[in-house]
Each structure stands twice: as structure tokens, then as C-alpha cells.
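Chemist: Let's see this in three dimensions:
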Amino acid sequence: MNDVPSSRLRKLTNEFLRLSERLKQGGGPEKIQKLHKQGKLTARERIELLLDKGTFSQEIGLLVAYDEYGGQAPAAAVVTVVGKIHGRECVVVANDATIKAGAWYPETIKKILRAQEIAMRNRVPIVYLVDSAGVNLPYQGGVFPGQYGAARIFYYNSIMRRYLKVPQIAAVMGMCVAGGAYLPALSDVILMVEGTSFMGLGGANLVKGATGQTIDNETLGGAMTHNSISGVAHYRTANDEECLEKIRCLVLELPGKEPTRVSIQGSRDPLAASFKLYDILPEDHKAPYDMYAVLETFIDADSLDEFQADYAKEMICGTARIGGITVGVIANSRGMFKGKQGEPPRFGGIVYTESAEKTAYFIENCDRHSTPLLFVQDVSGFMVGADAEHSGIIRAGARFVEAMATAAVPKIVLTINHASGAGYYAMAGLGFDPDFIFTLPTGRMGVMEGDSAVQAMFGTQLEKLKKEGTEPDEAMLSEMQKVRETYDRELDAKHAAARGLVDAIVTPEDVRDSLILALETCLNTSNPHIGPFVLTA
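Modeler: Residues are numbered from 1 along each chain as shown. Predicted coordinates:
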């Protein structure tokens with residue numbers, strides 16, 4: 001492998017991989033062993049058995065909350081994954097019982113809702129592997145109330161069930177108590193495991209305190225009880241392995257996907273190997289590089305058909321194929337570009353009036369042709385200054401944003417370096433509900449860079465000192481440095497991933513597989529991909 005050991009991308013990728021491995025241990029070896037002694041598999045072991053062997057799957061939100069709760073809530077105690085079951089794209093939500101018995105943190109809700117939104121928007125089946133003690137009581141204020149509290153999960157359950165016809169399969173594979181019991185109850189099918197699963201609005205201890213009745217959990221709400229007495233559950237299985245195999249059978253019986261209008265041809269390997277990205281991206285994130293070379297590491301060979309290639313070159317627009325699937329690629333080209341006659345050169349990564357208008361027109365064409373959009377983002381914002389304002393940059397930018405926001409086709413985002421300012425919004429930022437949003441470990445998401453923030457906050461004072469012929473004192477220099485350090489910390493891709501601002505950090509080796517799976521998931525439906533869900537007429 002031709003890599004550069006000291007490269008910034010390599011260093012950040014290795015940091016991410018080490019963190020990922022640690023987070024995937026959940027509550028740690030002792031908690032895993034304890035679960036095994038109970039005859040149960042871990043959340044990740046269950047997912048591995050559920051999904052097709054040897055196929056690529058994409059974990060969503062692995063880094064969420066990793067830097068909160070003293071590091072005691074890896075992945076927010078829930079594993080959310082997009083993968084394939086009998087070749088069918090599915091979303092899987094699995095409580096991690098090695099962490100506080102799978103209890104819900106505020107961020108657990110955020111992850112479950114995001115997983116449900118992926119299933120709703122793309123009309124793919126969703127499987128819940130339930131093993132949770134319910135609300136994490138010390139944090140109930142961030143879990144229970146509010147528009148996007150736990151109730152939203154049950155709202156989405158209901159919308160999927162009544163209107164969207166999104167298949168929901170729930171397997172109670174451990175504890176499922178209190179309001180959490182409504183998640184399987186609002187699903188299409190409920191499976192339970194003998195001896196290890198319990199489902200009830202209150203456990204035996206709560207029943208004893210509330211009613212004085214003495215009863216054990218198995219008699220109160222075990223697998224046999226809910227299959228033979230209450231009729232709440234639909235299938236009883238002997239163990240985790242049998243339960244997961246039954247889910248696979250149920251998915252196999254589901255109706256097939258909708259036909260797609262998107263052009264799909266035979267897949268072709270990219271021109272460049274994925275690891276070439278380590279050489280292409282510069283050490284300095286502000287330095288130029290060849291965006292075409294980046295694209296060649298994950299799009300099908302010789303498939304890019306560029307749109308208006310000689311106009312507004314700071315923005316690359318064109319159709320290409322990824323895994324044989326046609327996509328409309330919109331990418332910020334980095335570097336310097338010749339301006340119009342008599343005008344100064346243009347900076348790559350900046351959106352000008354002409355590039356905004358070009359991109360808006362291209363998006364509208366893709367929308368008319370039902371072509372999914374891939375935004376390859378390395379944007380520092382829209383151009384500012386007298387020339388830009390007089391050229392109508394505000395109106396052109398608004399047209400760009402409106403075209404992107406109202407396009408009914410799938411939208412996928414891959415951030416390379418910068419995701420800054422209003423350019424981040426125009427390039428399908430999270431607020432515009434892209435179907436998937438990924439970043440390389442080098443991604444930097446924020447209003448602006450640290451140096452720009454220092455200039456914005458201290459510029460007037462610095463200018464005054466300059467006029468007086470003096471320099472900033474130690475206190476001011478210290479404050480300026482604190483701002484830079486804060487921005488550097490918050491611009492890190494891991495910071496964004498920890499707060500659910502991206503679905504996943506992807507390594508160069510996984511970019512193509514991640515994009516192909518995302519596109520295949522999106523093509524399950526021809527319904528509009530706008531907002532968390534669109535009700536059918």
C-alpha cells in the first residue's frame with residue numbers, strides 16, 4: 001500500500017479506528033461475559049447473525065455521546081445499522097444491554113429517531129432488537145418530555161404502521177418495560193425468547209409496590225405468557241439464534257422493492273485505488289488539491305459526464321455512476337481558477353453567483369430525471385464583498401438552496417474537508433434532511449475556521465491597536481488562542497459525529513461501499529425524499 005505514514009488523513013483515520021474499536025466493546029468484557037452467562041448474545045453479535053454474511057453494513061451514529069457521561073455511554077447504549085437481510089436493505093436498532101442494561105439516554109432517543117427516519121424516508125424494513133431497562137432515570141428530563149423525546153419514537157412507529165406501510169419487526173430479547181413496551185406493540189410482528197425476555201408496563205418489583213401482588217417476571221410478562229395468555233406476542237423462540245433466524249425468514253416473506261426509474265448499469269471499478277486518498281489530500285486542510293482525483297477513487301471508471309465543464313469551474317457538476325447506479329455529482333473544486341476577463345482569479349471551495357446558478361440548474365435537471373444527488377463537500381462558504389453582492393449572490397444562493405431543498409430525489413453528502421458557513425447549508429447540510437450524511441476523518445464542520453473567528457471577534461480591537469502602533473497584550477493573545485483552540489476542537493469530525501451531526505465517519509477504504517449501500521437503500525422507493533417522511537396520498 002502506497003501510503004504516507006505522517007499524512008493528516010492517515011493520522012486521523014487511525015485515531016478514528018482506535019476509537020471505533022473501543023466503542024464497539026460496549027460495556028466491556030465483564031459485562032459481555034455476564035450477558036453470555038444469561039444465555040444472551042450482545043447487540044453486535046445479534047446484528048452479525050441477523051445480517052447477510054460477507055456483506056457490507058453501515059453503522060449509524062457510532063460516535064454519538066462518546067465524549068459525554070465520562071465515557072460510560074459508548075454509542076449511547078444502542079447500535080443502529082443499515083445492512084442487508086436476504087439481499088434486502090434494512091435498518092436495525094439494537095439496545096446494548098452491556099451499558100446500564102440498555103437504558104435510554106437522551107442521545108439514545110436521537111439515534112433511534114434517526115434510524116426510523118432512514119427507514120421511513122426510504123421505505124425499508126426496520127428491525128428492533130429490544131433489550132432495555134427503559135428510561136435512564138437520572139437523565140429522564142432529556143428522555144421523557146418534548147417534541148423529540150421518547151414519545152416521538154412511538155409517533156414514528158404509528159406513522160409507519162398506519163400510513164407508510166414500512167414493515168416493522170420487533171424482537172424482545174431481554175427486558176422491555178414501561179413506555180418502551182409500546183415500541184414492539186406498535187410494530188407489525190413481535191417475537192420473544194423463552195427464559196430471557198420480558199415485556200410489561202411494570203416489572204415484578206413495581207407491581208409489588210403498586211398493588212401488593214407478588215409475581216415473578218416470567219409469569220408476569222415472559223415469552224410463554226405473551227404468546228399463550230395475553231396474545232400480545234406472535235412468535236416464541238427458544239434462544240437468540242432461533243429468534244434471529246426467524247426474523248430473517250420474516251424479512252424474506254416481505255413484498256419486494258418498488259421499481260426504480262434510476263438508470264443502473266453494470267458496475268465498474270474506480271480508476272484509482274481507495275488508499276490513494278491518503279496521498280491526494282494535503283497536510284494543510286486549507287491547501288488546494290485535485291477534486292477530480294478524489295472522485296476517481298470511488299466513482300465507476302470513466303463514468304463522469306461533466307455538466308458545463310468550462311463554466312464556473314470552482315463547482316464540479318456532472319452525472320456519474322457508483323456501483324452502476326447513476327448519480328448527479330456536485331463537488332467543490334479546490335484551488336485557483338481563472339475569472340472572467342478583467343476579473344481576479346476565483347478561489348475553489350467558495351460559491352460564487354455563477355456557480356450557484358449553475359448548480360441550481362443542474363439539481364433541477366437531476367430532479368426532473370429522478371437522478372439521486374451526491375454532494376461531495378469541501379466548501380468554505382459563499383463569496384462576500386462588493387463585487388459578489390452587486391452580482392446578486394444572495395438571490396443566486398437562495399436559488400441554489402431552494403433547488404436543493406425541494407429536490408425530491410435522494411440526497412447523500414460526503415464531506416472531505418470543510419463544511420463551513422451557508423455553503424454547508426447549500427451543499428445539503430443536515431438541516432435539509434439528506435438521506436445520508438458521511439464525512440472523512442478530515443471533515444471540519446462549523447460556521448468558520450478559528451482564525452476567521454478570531455478576526456471576527458477581535459478585528460476591531462486589533463485594528464485600533466495597529467493604528468496606535470501597539471501590539472496585543474498577553475491577556476488578549478491568550479483569549480485569541482482560546483478561541484482558536486475551541487474552534488479546532490469543535491471543528492473535528494469526531495465532535496460532529498458525537499452530536500449526531502453526521503451519520504458516520506467513513507475511512508477512504510469504506511467510502512465507495514458506504515455510498516453504494518446508501519444509494520441501494522434510497523432506491524427502495526420512488527416516493528419524494530423530502531423531510532423525515534412523506535405521507536402517501
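
Chemist: hang on, isn't P167 packed against D188?
Modeler: Yes - if you go by Cβ atoms under 8 Å, P167 and D188 touch, sitting 5.9 Å apart. Where C-beta positions appear, they are placed from N, C-alpha and C, glycine not excepted.

Chemist: the more surrounded of those two?
Modeler: P167 (23 against 16; other Cβ atoms under 10 Å).

Chemist: List the contacts of that one.
Modeler: Counting by Cβ atoms under 8 Å, 6 or more residues apart in numbering, P167 makes contact with 125-126, 188, 251, 254.

Chemist: So, low pLDDT: which residues of this protein?
Modeler: Applying pLDDT under 70 to the chain flags the ranges 1-6, 204, 448, 537.

Chemist: still on that earlier bit, are any of the contacts of P167 buried, and which?
Modeler: Burial by neighbour count, judged by 16 or more other Cβ atoms under 10 Å, picks out 125-126, 188, 251 from the contacts of P167.

Chemist: Would you mind giving the residues you listed as CSV with distance to V81 and secondary structure added?
Modeler: Shown next, in CSV, are the buried ones among the contacts of P167 (distance: Cβ to Cβ, whole Å; DSSP: H, G, I helix; E, B strand; the rest coil):
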residue, distance to V81, secondary structure
P125, 13, coil
I126, 11, strand
D188, 20, coil
V251, 14, helix
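
Chemist: What residues of stretch 147-158 count as buried?
Modeler: Result for stretch 147-158 [16+ other Cβ under 10 Å]: buried residues 149-150, 152-153, 156-157.

Chemist: Likewise for stretch 186-197?
Modeler: 186-194, 196-197.

Chemist: Need those in CSV (columns: distance to A233 and secondary structure).
Modeler: Putting these into CSV (distance: Cβ to Cβ, whole Å; three-state DSSP) gives the following:
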residue, distance to A233, secondary structure
L186, 14, coil
S187, 11, coil
D188, 12, coil
V189, 9, strand
I190, 4, strand
L191, 7, strand
M192, 5, strand
V193, 10, strand
E194, 11, coil
T196, 14, coil
S197, 9, coil
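
Chemist: out of those, what pair is the most spread apart?
Modeler: The most widely separated members of the buried residues of stretch 186-197, counting by Cβ to Cβ, are L186 and E194 (23.5 Å).

Chemist: distance of K11 from P345?
Modeler: According to Cβ to Cβ, to the nearest Å, K11 and P345 sit 32 Å apart.

Chemist: I meant D240, not that one.
Modeler: 62 Å.

Chemist: which residues of the stretch 401-537 of the chain fall in helices?
Modeler: Along the stretch 401-537 of the chain, counting by DSSP state H, counting those that start in this stretch, helices occupy 421-426, 450-468, 474-491, 493-498, 511-522.

Chemist: Mind checking the ones you listed for the one nearest to D131?
Modeler: That would be helix 493-498 among the helices of the stretch 401-537 of the chain, by Cβ to Cβ, at 23.7 Å.

Chemist: Next, the buried residues of the closest one.
Modeler: 493-498.

Chemist: And for it, what's in contact with it?
Modeler: Contacts of helix 493-498 (Cβ under 8 Å, 6+ apart): 12, 15-16, 19, 61-68, 415, 439-445, 489, 502, 504-505.

Chemist: make it 10 Å
Modeler: Contact with helix 493-498 is made by 12, 15-16, 19, 61-68, 76, 107, 415, 417, 419, 430, 437-446, 488-490, 492, 501-505, as judged by Cβ atoms under 10 Å, 6 or more residues apart in numbering.

Chemist: Relative to the whole chain's centre, how far out is that helix?
Modeler: Offset of helix 493-498 from its chain centre (Cα atoms, centre = their mean, to the nearest Å): 11 Å.

Chemist: picking that back up, possible to save the helices of the stretch 401-537 of the chain as a markdown table with distance to Y278?
Modeler: Converted to a markdown table, those look like this (distance: least, Cβ to Cβ, whole Å):
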| stretch | distance to Y278 |
| --- | --- |
| helix 421-426 | 25 |
| helix 450-468 | 25 |
| helix 474-491 | 21 |
| helix 493-498 | 16 |
| helix 511-522 | 12 |
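
Chemist: Compare those helices and give me the one nearest H369.
Modeler: With Cβ to Cβ as the measure, helix 511-522 is the member of the helices of the stretch 401-537 of the chain nearest H369 (15.1 Å).

Chemist: Return the alpha-carbon coordinates of the closest one using CSV.
Modeler: C-alpha atoms of helix 511-522 as CSV (Å, rounded to 0.1, in the frame of the first residue of the first chain):
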residue,chain,number,x,y,z
VAL,A,511,-16.2,5.4,1.1
ARG,A,512,-17.3,3.5,-2.0
ASP,A,513,-19.1,0.7,-0.1
SER,A,514,-20.8,3.2,2.1
LEU,A,515,-22.1,5.2,-0.9
ILE,A,516,-23.3,2.1,-2.8
LEU,A,517,-25.2,0.8,0.2
ALA,A,518,-26.7,4.3,0.8
LEU,A,519,-27.8,4.5,-2.9
GLU,A,520,-29.3,1.0,-2.9
THR,A,521,-31.2,1.8,0.3
CYS,A,522,-32.5,5.1,-1.2
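
Chemist: Looking at K11 and P345, which is more packed in?
Modeler: Between K11 and P345, counted using other Cβ under 10 Å, K11 has the larger neighbour count: 16 against 10.

Chemist: Secondary structure of that one: a strand, I assume?
Modeler: No - read with DSSP: H, G, I helix; E, B strand; the rest coil, K11 is helix and lies in no strand.

Chemist: Does it touch L281 like I think?
Modeler: No - with contact defined as Cβ atoms under 10 Å, K11 does not reach L281; the gap is 11.5 Å.

Chemist: Apart from its neighbours in sequence, what residue is nearest V384?
Modeler: Leaving aside its chain neighbours, V384 sits nearest to I393 (8.0 Å; criterion: Cβ to Cβ, 6 or more residues apart in numbering).

Chemist: who touches the one you found in this structure?
Modeler: Neighbouring residues of I393 by Cβ under 10 Å, 6+ apart: 351-354, 356, 382-385, 387.

Chemist: change it to 8 Å
Modeler: I393 neighbours (Cβ under 8 Å, 6+ apart): 352-353, 356, 382-384.

Chemist: who wins for most neighbours among the residues you listed?
Modeler: For these, the largest number of neighbours (other Cβ under 10 Å) sits with A356, at 28 neighbours.

Chemist: Just say helix, strand or coil for that one.
Modeler: Under three-state DSSP, A356 comes out as helix.

Chemist: Quick check, it in contact with I394.
Modeler: No - with contact defined as Cβ under 8 Å, A356 and I394 do not form a contacting pair (9.8 Å).

Chemist: Return the distance of E479 relative to Y148.
Modeler: With distances taken as Cβ to Cβ, E479 is found 36 Å from Y148.

Chemist: actually V232, not the one I typed
Modeler: For V232 relative to Y148 (Cβ to Cβ), the value is 28 Å.

Chemist: Also T237?
Modeler: For T237 relative to Y148 (Cβ to Cβ), the value is 33 Å.

Chemist: Count residues in the vicinity of D279, would you?
Modeler: The burial count for D279: 16, using other Cβ under 10 Å.

Chemist: where's it, which helix or strand?
Modeler: Using DSSP states H and E, D279 falls within helix 277-280.

Chemist: before we move on, what about L250?
Modeler: Using DSSP H and E, L250 falls in helix 240-252.

Chemist: Export that helix to PDB, keeping only CA atoms.
Modeler: Extracted as PDB, the C-alpha positions of helix 240-252 are listed here (Å, rounded to 0.1, in the frame of the first residue of the first chain):
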ATOM      1  CA  ASP A 240     -31.400 -15.700  20.400                       C
ATOM      2  CA  GLU A 241     -30.100 -17.700  17.400                       C
ATOM      3  CA  GLU A 242     -33.500 -19.100  16.700                       C
ATOM      4  CA  CYS A 243     -35.100 -15.700  17.100                       C
ATOM      5  CA  LEU A 244     -32.700 -14.000  14.700                       C
ATOM      6  CA  GLU A 245     -33.200 -16.800  12.100                       C
ATOM      7  CA  LYS A 246     -37.000 -16.300  12.400                       C
ATOM      8  CA  ILE A 247     -36.600 -12.600  11.700                       C
ATOM      9  CA  ARG A 248     -34.600 -13.400   8.600                       C
ATOM     10  CA  CYS A 249     -37.400 -15.700   7.400                       C
ATOM     11  CA  LEU A 250     -40.000 -12.900   8.100                       C
ATOM     12  CA  VAL A 251     -38.000 -10.400   6.000                       C
ATOM     13  CA  LEU A 252     -37.700 -12.900   3.200                       C
END
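
Chemist: Having no further points to raise, I will conclude here.
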